[in-house]
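Visitor: Sequence below, structure please.
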Amino acid sequence: MELAIILMMILIVVSAGAMALSVQNTHYPFRRKGQLFTPVEHTFLQLLEQAVNNEFRIMCRVKLSDIVTVSASTKKKQASTALSRASAKSIDFVLCNKSDMQPVLAIDLVHKQGADGYKVQKDLFVSNALDGANIPHARIKVKSGYSVEEIRECIETKLIPMRRRQQKLTESRLNPERPNKPTRPLRSSRVAA
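Guide: All right, here's what the predicted structure looks like:
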């Protein structure tokens, strides 16, 4: 009996020592990257910040599954498949409302770098998912010498439906129509005799 207690105590001490040694000697093969963004992405982000002029928050490298969800009427297997595909896709930049962080516009950079390029071919899954969620999707080709005005114009073009809903941009400003006013006087200017 005493021998069993002593053996148990030795076993506990040895296992505790082994666990302490294994945790200290665990080596994770990671190192810090030099930069979070490529030079092209960093330059575009700076231009994008100037273009939105503090109207929106800019989120970078957002997973598609963070901004869209599967509708409740979808079957479980289809929902699971769609969510796993959405988790594997990412959007370069997402503009969000400052007040409630609701996604307003998804922006992908497109450039031909290397053999295949980066997002050269349109990903139909991403486009259809964003269309289904009513989030506009802008694909902007990378080129040197972008101006802030060009980027702002691209963003505003994609945001026209949202601006209409917010009534910041009325239909009459986009399609000016003639007023429905009479073009001649309603009463005669002659004095009735």
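Visitor: How about residues contacting stretch 101-114?
Guide: With CB atoms under 8 Å, 6 or more residues apart in numbering as the test, stretch 101-114 has contacts from 40-41, 44, 48, 56-57, 62, 67, 91-97, 117-120, 126, 130, 135-142, 155, 158-159, 162. Bear in mind the C-beta positions are built from the backbone N, C-alpha and C, glycine included.
Visitor: and residue 96, how many neighbours does it have?
Guide: Burial of residue 96 is recorded as 17 neighbouring residues (other CB atoms under 10 Å).
Visitor: mind listing what the one helix or strand it maps to pairs with, with the direction of each?
Guide: Secondary structure from DSSP states H and E places residue 96 in strand 90-97. The strands beside strand 90-97 in its sheet (DSSP bridges) come out as strand 56-63 (antiparallel), strand 103-110 (antiparallel).
Visitor: Please identify the buried residues of the first one?
Guide: Using 16 or more other CB atoms under 10 Å as the burial criterion, the residues of strand 56-63 that qualify are 56, 59, 62.
Visitor: Using a markdown table, lay out those together with pLDDT and distance to residue 33.
Guide: A markdown table is the format used below for the buried residues of strand 56-63 (pLDDT from 0 to 100; distance: CB to CB, whole Å):
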| residue | pLDDT | distance to residue 33 |
| --- | --- | --- |
| 56 | 95 | 27 |
| 59 | 96 | 19 |
| 62 | 95 | 19 |
